[in-house]
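Asker: Need a 3D model of the sequence below.
(one chain, ligands or ions: 1)
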Amino acid sequence: MRRSKSEPVPDLRRARDGASPAPRFARHEVAVARCRRRPAGEGTNPWVGVLSALVMGNSEIFTKGNVVVVNGAADGIGLAAAKKFAELGMKVCMADVDGDKLSASSKEVVLPALAGGGADLLTGRVDVADLEQVRAFSDSVFERFGRVDVLMNNAGIPGGAAPWDDIAGWQKVLAVNLFGPIHGVSAFGSRMIGQGTPGAIINTGSKQGITHPPGFAGYNVSKAGVRAFTENLEHTLRNIEGCRLHAHLLVPGFTFTGLMRPFFDEKPASAWWPEQVVDFMLERIAVGSFYILCPDNEVSREMDNKRMQWGMDDLIRDRPALSRWHPDFKDEFQRFSS
Ligand SMILES: NC(=O)c1ccc[n+]([C@@H]2O[C@H](COP(=O)([O-])OP(=O)(O)OC[C@H]3O[C@@H](n4cnc5c(N)ncnc54)[C@H](O)[C@@H]3O)[C@@H](O)[C@H]2O)c1
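Answerer: Have a look, this model is predicted:
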């Protein structure tokens, strides 16, 4: 089913151009950057991030020779991330449930960017919903490279119909979008902690997991779970003595990827390219952000802040659930958000 451009894709739309140049990473203690966090919301100006990185030092994790694992890596944001990590000189492990697409995109897009060629690449057909497959891939990665510095749990699918409908759809979307990151952390986490070196676990959430626009219940629930899981993961990691591993929640805006191609013939003006998401992610991790809330070409950080604030105020002010989409609150929300 192709969605016309006029039909809304809630919270996967809108804002101002946030294209950012690729950051350069020097070898500095990641702890330095993490101690000197910038307030949220500054990241929409690309030069702010680059200047901050130069002043404060940068993350050492995205650096030559380090090992990164990306799942959902055959397309979209995962593929753009794998390519960027290759360009930074890292050894790249790509997993995806679509083995043919993974084979093609790893060869065509990632391999040419790898300093060590095929010796720096590992691919695996992995369904992140299946813990045994994720564990087996983890074993292959540690056997091949002996370490993992960055884990990006990125695989995701749309789905989940009305709250009482399509139980198989609910199980599928939760199995991939929520249990994917849980399985990834289960299979890789303790070994990464055990290394005692700086590292990152990046879980891909969604604005729909924060503001819950109606019509995508299963997806919203799965991504709300990813947020809660990742917050708890980061809290746990920072309370482990000597642990230098940190979690990050990546929240893309509207991004033109394989997920969106069934709905749009070409990139809508409001969407970011996946490469922009990846550059923004690296910029924000370099300065120690946990929440990596991406704008897009239509939705600014300020607009996101208002939408998130309104949603939280539903609880605080005892308004109806999802009052942003309730006819009685339409005008008030318009005034609030303008
Ligand atoms: N594109 C957007 O606007 C947008 C917005 C917010 C969040 N996201 C999230 O970003 C992440 C990446 O999505 P994308 O937009 O790049 O989509 P995409 O479809 O281009 O890429 C997703 C990849 O995940 C793979 N995948 C699907 N199920 C899998 C499974 N069970 N095991 C392993 N791999 C699997 C797919 O084969 C595909 O290669 C997802 O978690 C998505 O929910 C995307």
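Asker: alpha carbons only for contacts and neighbour counts from here, please
Answerer: OK.
Asker: residues contacting the residue positioned nearest the centre of the chain?
Answerer: Taking CA atoms, centre = their mean as the criterion, residue 204 is the residue nearest the geometric centre of the chain, at 2.8 Å. Going by CA atoms under 8 Å, 6 or more residues apart in numbering, residue 204 touches 152-155, 226, 249-252.
Asker: got it, and residue 237?
Answerer: Contact analysis of residue 237 by CA under 8 Å, 6+ apart lists 243-247.
Asker: Identify those among the residues you listed that sit within helices.
Answerer: Under the assignment DSSP state H, those contribute nothing to helices.
Asker: of those, buried ones?
Answerer: Members of the contacts of residue 237 that pass the buried threshold by neighbour count (16 or more other CA atoms under 10 Å) are listed as 243-247.
Asker: Now flag whichever of the contacts of residue 237 is closest to the ligand.
Answerer: Using CA to the nearest ligand atom, residue 247 is the member of the contacts of residue 237 that lies nearest the ligand, at 15.7 Å.
Asker: How confident is the prediction for the closest one, by pLDDT?
Answerer: Reading off the per-residue confidence, residue 247 sits at a pLDDT of 98.
Asker: what bridges to it?
Answerer: Beta-bridge partners of residue 247, counted by DSSP bridges, are residue 201.
Asker: again with the one 4 residues further on
Answerer: On the basis of DSSP bridges, residue 251 takes part in beta bridges with residue 293.
Asker: what separates it from the ligand, distance-wise?
Answerer: Distance of residue 251 to the ligand, computed by CA to the nearest ligand atom, to the nearest Å: 6 Å.
Asker: Hmm, that residue is touching residue 295, no?
Answerer: No. In terms of CA atoms under 8 Å, residue 251 does not count as a neighbour of residue 295; the distance is 9.1 Å.
Asker: neighbour-wise, which of those two wins?
Answerer: When neighbours are counted by other CA atoms under 10 Å, residue 295 comes out ahead of the other of residue 251 and residue 295, with 33 against 23.
Asker: Now the closest residue to the more buried one other than its chain neighbours: phi and psi?
Answerer: What sits nearest to residue 295 in space, not counting adjacent residues and going by CA to CA, 6 or more residues apart in numbering, is residue 253, at 5.4 Å. Dihedral angles phi and psi of residue 253 (degrees, to the nearest 10) take the values phi -80, psi -150.
Asker: Do I have it right that residue 253 meets residue 298?
Answerer: No. With contacts counted by CA under 8 Å, residue 253 stays clear of residue 298, the gap being 9.3 Å.
Asker: who's more crowded, the two?
Answerer: For the pair residue 253 and residue 298, the greater number of neighbours falls to residue 253 (29 against 20), based on other CA under 10 Å.
Asker: Now distance to residue 85 too, for the contacts of residue 204, in JSON lines please.
Answerer: Rendered in JSON lines, the data for the contacts of residue 204 read as follows (distance: CA to CA, whole Å):
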{"residue": "152", "distance to residue 85": "11"}
{"residue": "153", "distance to residue 85": "15"}
{"residue": "154", "distance to residue 85": "14"}
{"residue": "155", "distance to residue 85": "17"}
{"residue": "226", "distance to residue 85": "23"}
{"residue": "249", "distance to residue 85": "18"}
{"residue": "250", "distance to residue 85": "16"}
{"residue": "251", "distance to residue 85": "19"}
{"residue": "252", "distance to residue 85": "18"}
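Asker: Residue 277 reaches residue 254, doesn't it?
Answerer: No. Assessed by CA under 8 Å, residue 277 is found out of contact with residue 254, at 9.6 Å.
Asker: Can you pull the residues of the stretch 51-200 of the chain lying near the ligand?
Answerer: Listed as neighbours of the ligand in the stretch 51-200 of the chain under the rule CA under 6 Å from any ligand atom: 71-78, 96-98, 126-129, 154-157, 176.
Asker: try 8 Å this time
Answerer: 71-79, 95-98, 101-102, 125-130, 153-158, 175-177, 180 (CA under 8 Å from any ligand atom).
Asker: Among the residues you listed, which ones are in helices?
Answerer: When DSSP H defines the helices, the subset of those inside them is 76-79, 101-102, 180.
Asker: Now the buried members of those residues.
Answerer: 76-79, 102, 180.
Asker: where does the residue nearest to the centre of the chain fall, phi/psi-wise?
Answerer: Main-chain torsions, residue 204, degrees, to the nearest 10: phi -90, psi 120.
Asker: now swap in the one 4 residues further on and tell me
Answerer: Here the main-chain torsion angles of residue 208 (degrees, to the nearest 10) amount to phi -70, psi -20.
Asker: How about residue 151?
Answerer: Backbone torsions of residue 151, given as degrees, to the nearest 10, read phi -120, psi 120.
Asker: Can you turn the buried part of the residues of the stretch 51-200 of the chain next to the ligand into a ChimeraX selection?
Answerer: The following ChimeraX selection, which keeps only the buried ones among those, applies the criterion 16+ other CA under 10 Å:
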select :71,72,73,74,75,76,77,78,79,95,96,97,98,102,125,126,127,128,129,153,154,155,156,157,158,175,176,177,180
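Asker: circling back: ok, of the contacts of residue 204, which one's closest to residue 282?
Answerer: The shortest separation between residue 282 and any of the contacts of residue 204 is 10.3 Å, and it belongs to residue 250 (by CA to CA).
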